[in-house]
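Undergrad: For reference, the sequence and a predicted model appear below.
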Amino acid sequence: MSRDVLREAKERALQTLSAEWILDGFRAHLSRHGVPSDRVVFDYEDAVRRIREAVLLPHAESRAREEEINGETDGDQIWIVRGLAFDECVETLLHEAMHDSVFVTRATRSGARKGLSCELEHAVIYPLLG
């Protein structure tokens, strides 16, 4: 995958990214765990920033990890494995942008927002991107 393909995939991912679509999925899932929907928030601006700033993994690391992952995030940066098809790249950008972007507000505890576990995020992300 070239940088040009990544740039085009970012544009498509940003066109697809919808706060309503993501919030609907997470709110429906979290409501089954007793979380009121008004306490579920999505940091849309940060998800957009991370998609825009996504980068390709170096060639050697991409080859070493291509069987393991398509991309990853640390909550600040998104890395994409080289060699993905365009649609896979778009889906991976969306997937990684949803990680660390949805929170439950909690005014009664320290910290204004509680992050979600990776397992809980995946329980929503995979069906949304299905």
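TA: Looks like it came in fine.
Undergrad: ok, and for the lowest-mean-pLDDT helix or strand in the chain, which residues are buried?
TA: Scoring the helices and strands of the chain by mean pLDDT, DSSP states H and E places helix 59-65 at the bottom, with a mean of 76. Judged by neighbour count using 16 or more other Cβ atoms under 10 Å, the buried positions of helix 59-65 are 62, 65. (Glycine included, C-beta is placed from N, CA and C.)
Undergrad: Could you identify the helix or strand that succeeds that helix?
TA: Once helix 59-65 ends, the next helix or strand along the chain (criterion: DSSP states H and E) is strand 71-73.
Undergrad: avg pLDDT for that next one?
TA: The average pLDDT for strand 71-73 rounds to 93.
Undergrad: quick one: strands adjacent to it?
TA: Sheet pairing of strand 71-73 (DSSP bridges) gives strand 78-80 (antiparallel).
Undergrad: Stretch 90-107: which residues count as buried?
TA: Buried, per 16+ other Cβ under 10 Å, within stretch 90-107: 90-105.
Undergrad: Run the chain-centre distance for it.
TA: Stretch 90-107 has its average C-alpha position 5 Å from the chain's average C-alpha position, going by Cα atoms, centre = their mean, to the nearest Å.
Undergrad: Check stretch 55-65 too.
TA: 19 Å.
Undergrad: Send over the least confident helix or strand of the chain as PDB, restricted to the C-alpha atoms.
TA: Provided in PDB are the C-alpha atoms of helix 59-65 (Å, rounded to 0.1, in the frame of the first residue of the first chain):
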ATOM      1  CA  HIS A  59       8.200  -2.200   5.900                       C
ATOM      2  CA  ALA A  60       9.900  -4.700   8.200                       C
ATOM      3  CA  GLU A  61       7.400  -4.400  10.900                       C
ATOM      4  CA  SER A  62       4.500  -4.700   8.500                       C
ATOM      5  CA  ARG A  63       5.900  -7.900   7.100                       C
ATOM      6  CA  ALA A  64       6.500  -9.300  10.600                       C
ATOM      7  CA  ARG A  65       3.000  -8.500  11.800                       C
END
